[in-house]
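> Following is a predicted model, sequence given first.
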Amino acid sequence: MKITKISAIVFLITIISEMMTAQDTIYFKDKSIISSKIIEIGITEIQYHRFDNLTGPIYSVLKKDVKSIKYLNGEIDSVSFVASPNKEIVQIETNQSQLVQSKLHLSGGDLFYEGSKLGVRKMNQLIESNSLTENQRNIVSEVKSLRMVGKTQKGIGTGFFVTGFVVPAVVGIGAVLASLGTATAKQTDETIIIGALAGAAIRTAGHVFWKIGKNKAKAKKLEFITKHSNNEFIY
């Protein structure tokens, strides 16, 4: 019984430790590492909160300085500096006044207005405004829809993944408390094993859902970029 209690406590500590380390990790080319919560990956920068201060300031790093990002669900993305084939945004040199007047810039499937990446709220404002041409409004609507592709699956996946840590922790705590009462050592061990297996299965399901959402978003973004000439340009 004593050995079982010790093993149960060690198991719980391991689970809690895993939950605390469920974070996004940024690996830099200079070998440095930052534990974080990724907010947004833009065309040239990555914005994030420090993991030890999730409600604190937003930090930014250049994508060209980052080697890869490991997300909380275990997914790893290699990061490359996004640029056009000529290493700079294609500009309309024949009509500078038209370039300044347009302000709407589509780059790599992301939409920028006056140099800032657009969020859904700003897109809605532009769609409702009378400052855009019909073609520009159509582009804004397309990008707005594009941002929503795969979000449901990724949201479900993230929920499952987090739940996969919570379930074995809760089951383990229950088993430890039961072992202090009438539960036998065998019953305690079996309960802990069942909780661990259930947690692993739920995390796996979460990873699958998240991957489906990510692949769906990638495929749609590729289709969108192909439709618009595979390049960066100004509208």
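That came in fine, so what should we check first?
> what's the average pLDDT for whichever helix in the chain runs longest?
As assigned by DSSP state H, the longest helix anywhere in the chain is helix 185-227. If you average the pLDDT over helix 185-227, you get 86.
> what's the answer for stretch 165-174, then?
If you average the pLDDT over stretch 165-174, you get 89.
> picking that back up, and the longest helix of the chain, what does it pack onto?
Contact analysis of helix 185-227 by 3 or more CB pairs under 8 Å, 6 or more residues apart in numbering; DSSP states H and E lists helix 2-20, helix 134-148, helix 151-179 as its packing neighbours. Placement of C-beta: from N, CA and C, glycine included.
> Repeat the analysis, applying 6 Å as the threshold.
Packing contacts for helix 185-227, counted by 3 or more CB pairs under 6 Å, 6 or more residues apart in numbering; DSSP states H and E, involve helix 2-20, helix 151-179.
> what's the helix or strand that the first one is followed by in contact with?
To tie it back to what came earlier, the one meant is helix 2-20. Per DSSP states H and E, the first helix or strand lying C-terminal to helix 2-20 is strand 24-28. With contacts defined as CB atoms under 6 Å, 6 or more residues apart in numbering, strand 24-28 is touched by 33-38, 65-72.
> Pull out the buried residues from those.
For those, burial is judged from neighbour counts taken by 16 or more other CB atoms under 10 Å, and it is met by 34, 36, 38, 66, 69, 71-72.
> now, the most widely separated pair of those residues?
Farthest-apart pair in the buried ones among the contacts of strand 24-28 is 66 and 72; separation 17.0 Å (CB to CB).
> Now do the SS call for residue 43.
Three-state assignment for residue 43 (DSSP: H, G, I helix; E, B strand; the rest coil): coil.
> picking that back up, and the contacts of strand 24-28, which is closest to residue 125?
So of these, ranked by how close each gets to residue 125 (CB to CB), first place is residue 38, at 25.5 Å.
> Let me know how buried the closest residue to the closest one other than its chain neighbours is, in neighbour terms.
Spatial nearest neighbour of residue 38, excluding adjacent residues (CB to CB, 6 or more residues apart in numbering): residue 24 at 4.6 Å. Per other CB atoms under 10 Å, the neighbour tally for residue 24 reads 20.
> Look up which residues are beta-bridged to residue 24.
When bridges are called by DSSP bridges, residue 24 pairs up with residue 36.
> With respect to the helices and strands packed on helix 185-227, which exhibits the lowest mean confidence?
Among those, helix 2-20 has the lowest mean pLDDT, at a mean of 55.
> before we move on, back to that, looking at the buried ones among the contacts of strand 24-28, which one is closest to residue 138?
So of the buried ones among the contacts of strand 24-28, ranked by how close each gets to residue 138 (CB to CB), first place is residue 38, at 30.2 Å.
> Now whichever strand or helix holds residue 105 - C-alpha only, CSV.
Element membership of residue 105 [criterion: DSSP H and E] is strand 104-107. Extracted in CSV, the C-alpha atoms of strand 104-107 (Å, rounded to 0.1, in the frame of the first residue of the first chain):
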residue,chain,number,x,y,z
LEU,A,104,-4.6,47.6,-49.6
HIS,A,105,-1.8,45.1,-49.8
LEU,A,106,-2.2,41.3,-50.2
SER,A,107,0.9,39.3,-49.3
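> Parallel or antiparallel, list what pairs with that strand.
Here, using DSSP bridges, strand 104-107 pairs with strand 110-113 (antiparallel), strand 233-234 (antiparallel).
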